[in-house]
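Return a 3D structure for these sequence lines:
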Amino acid sequence: MKKILVLFIIFNFFSCSLNSPLSLKKAPVIGDTTDTILNHSTWGKPKNKKIIVRSNGNDEEWIYEKGILYIKGGELTSIQEFNEK
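Below you'll find the predicted structure:
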């Protein structure tokens, strides 16, 4: 009986966490598109954006409280996370 109860609790925990909207979001990784960052990452919408216009396309810096995301051609190329104090 104890094994069944433990399995039920574990299953219930995982099924709840899998259905949670937060569990579907992940930290941004190099190669993510801007759409993925905005709609499917834990970072979401930036506080500020800096756009650098170049002859071969635009570079963007998305500024957050936790760091900066560097985007080139609509794709994440670098992440700078700030140290938490």
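
hey, where'd the strands end up in the chain?
48-54, 57-63, 67-72, 75-81 (DSSP state E).

Next, the angle strand 67-72 makes with the last one.
Between strand 75-81 and strand 67-72, the angle formed by their directions is 160 degrees, by axes from the mean of the first three to the mean of the last three Cα atoms, to 10 degrees.

Give the other helices and strands that strand 75-81 contacts.
helix 34-40, strand 67-72 (3 or more Cβ pairs under 8 Å, 6 or more residues apart in numbering; DSSP states H and E). Bear in mind the C-beta positions are built from the backbone N, C-alpha and C, glycine included.

Now the longest one: buried residues?
Buried residues in helix 34-40, defined by neighbour count with 16 or more other Cβ atoms under 10 Å: Ile37.

Which elements pack onto it?
strand 67-72, strand 75-81.

what's the offset of it from the middle of its chain?
Distance of helix 34-40 from its chain centroid, counting by Cα atoms, centre = their mean, to the nearest Å, is 7 Å.
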